[in-house]
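Trainee: Curious how this folds, go ahead:
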Amino acid sequence: MVERLEALGLSGFSLLVVPDHHRKGHFLDDPAFCHWLRERETKGDEVVIHGFYHLRASRKGESLRDRLTTRFYTAGEGEFYDMSGAEALWLVAQAREGFQKIGLDPRGFIAPAWLLSEGAQAALTKLGFAYTVRLATITDLACQRTFASQSLVWSVRSFWRRGASRIWNRSLFNRLRPAELLRIGLHPVDFEHRAIWRQIETLAQRALADRTPLPYGRWVENSRSSLPHALQS
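Mentor: Presented below is the predicted three-dimensional model:
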């Protein structure tokens, strides 16, 4: 996917890494992958912590809203949806320690399915993370400033979702053309669906006509230049 996007002229990717995806193996156990991450960072990409296991088990006594959010919307992937601040503090610290073992120090954290509890966000601030991202916002944790920004993202779990995603993202892309920031969020499974990937490449090429690709961390740093000096100290 990265190679195909680079061939189009894109660069400066934010690479969301799950330390132990679905408890099937920690990324530190794959030296080749660790080498690839370090290599990508030297090329200008940014490694972002993306949860820890990417899983949230269903619980007894959940409200209808919780069940819809964590089962239908995310299919059990909303790991940090209602996580306590204490648990988030411990888990994210463990994740960051793993990256530091291979010489990486991620400054950004993005929760699986973009679902982040208030307690977990407070934990990120306490740990000194620079930013977090949700589906429709980017939050500069150092300044406690939130920017509205709806991300393009595709759902491919079923035929009807793939069709709806293509219609929705085409409309959203056109609506966001005047916006300062255009976000395109991809998942590895997107590459397996030809029509989806073709649309991704088309929209990416159109975006490059008048935009500069940047990872999230660099965009957040650039946005601080518009803040009063007192808020940058």
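
Trainee: show me the contacts for the residue nearest the centre of the chain.
Mentor: The residue lying closest to the centre of the chain (C-alpha atoms, centre = their mean) is I110, at 4.7 Å. I110 sits next to 16, 48-50, 132-133 when contact means C-beta atoms under 8 Å, 6 or more residues apart in numbering. (Each C-beta comes from the backbone N, C-alpha and C, glycine too.)

Trainee: next structured bit after the helix or strand harbouring T125?
Mentor: Using DSSP states H and E, T125 sits within helix 118-126. Using DSSP H and E, the helix or strand that follows helix 118-126 towards the C-terminus is strand 131-133.

Trainee: For that next one, name the packing helices and strands.
Mentor: Counting contacts by 3 or more C-beta pairs under 8 Å, 6 or more residues apart in numbering; DSSP states H and E, strand 131-133 is packed against strand 108-109, strand 137-140, helix 216-223.

Trainee: Would you mark the buried spots in stretch 14-33?
Mentor: 14-21, 27 (16 or more other C-beta atoms under 10 Å).

Trainee: related to what we said a few turns ago, for the helix holding T125, packing partners?
Mentor: Partner elements for helix 118-126 (3+ C-beta pairs under 8 Å, 6+ apart): helix 85-100.

Trainee: Let me see the contact set for D20.
Mentor: The contact partners of D20, by C-beta under 8 Å, 6+ apart, come to 26-27, 52-53.

Trainee: re the thing from before, closest one to W114 out of the buried residues of stretch 14-33, please.
Mentor: Distances from W114 to these, taken as C-beta to C-beta, are shortest for L16 (10.7 Å).

Trainee: would you say that closest one is within a strand?
Mentor: Yes. With DSSP: H, G, I helix; E, B strand; the rest coil as the criterion, L16 is part of a strand.

Trainee: Name the nearest residue to it, sequence neighbours excluded.
Mentor: Nearest residue to L16, sequence neighbours excluded (C-beta to C-beta, 6 or more residues apart in numbering): H50, at 3.7 Å.

Trainee: My read is that the one you found contacts V18, right?
Mentor: Yes. In this structure H50 lies within contact range of V18 using C-beta atoms under 8 Å: 5.0 Å.

Trainee: what is in contact with the two at once?
Mentor: Joint contacts of H50 and V18 (C-beta under 8 Å, 6+ apart) are P112.

Trainee: end to end, how far does stretch 41-48 reach?
Mentor: 11 Å (C-alpha to C-alpha, to the nearest Å).

Trainee: which of the residues in stretch 119-137 are buried?
Mentor: 119-121, 123-124, 129-134.

Trainee: just those residues now: which is nearest W219?
Mentor: If you rank these by distance to W219 using C-beta to C-beta, Y131 comes first, at 8.8 Å.

Trainee: Could you tell me the model confidence score at the closest residue to that closest one other than its chain neighbours?
Mentor: Once flanking residues are discounted, Y131 sits nearest to V220: 4.6 Å by C-beta to C-beta, 6+ apart. On the pLDDT scale, V220 is placed at 96.

Trainee: what's the answer for F173, then?
Mentor: What the model reports as pLDDT for F173 is 98.

Trainee: which residues touch it?
Mentor: Counting by C-beta under 8 Å, 6+ apart, the residues that F173 touches are 152, 182, 203, 206-207.

Trainee: Backbone torsions only: list them for it.
Mentor: With angles defined as degrees, to the nearest 10, F173 sits at phi -60, psi -50.

Trainee: Equivalent analysis for the one 4 residues further on, please.
Mentor: When read as degrees, to the nearest 10, the backbone of R177 gives phi -50, psi -40.

Trainee: Return the members of the contacts of F173 classed as buried.
Mentor: Applying 16+ other C-beta under 10 Å to the contacts of F173 flags 152, 182, 203, 207 as buried.
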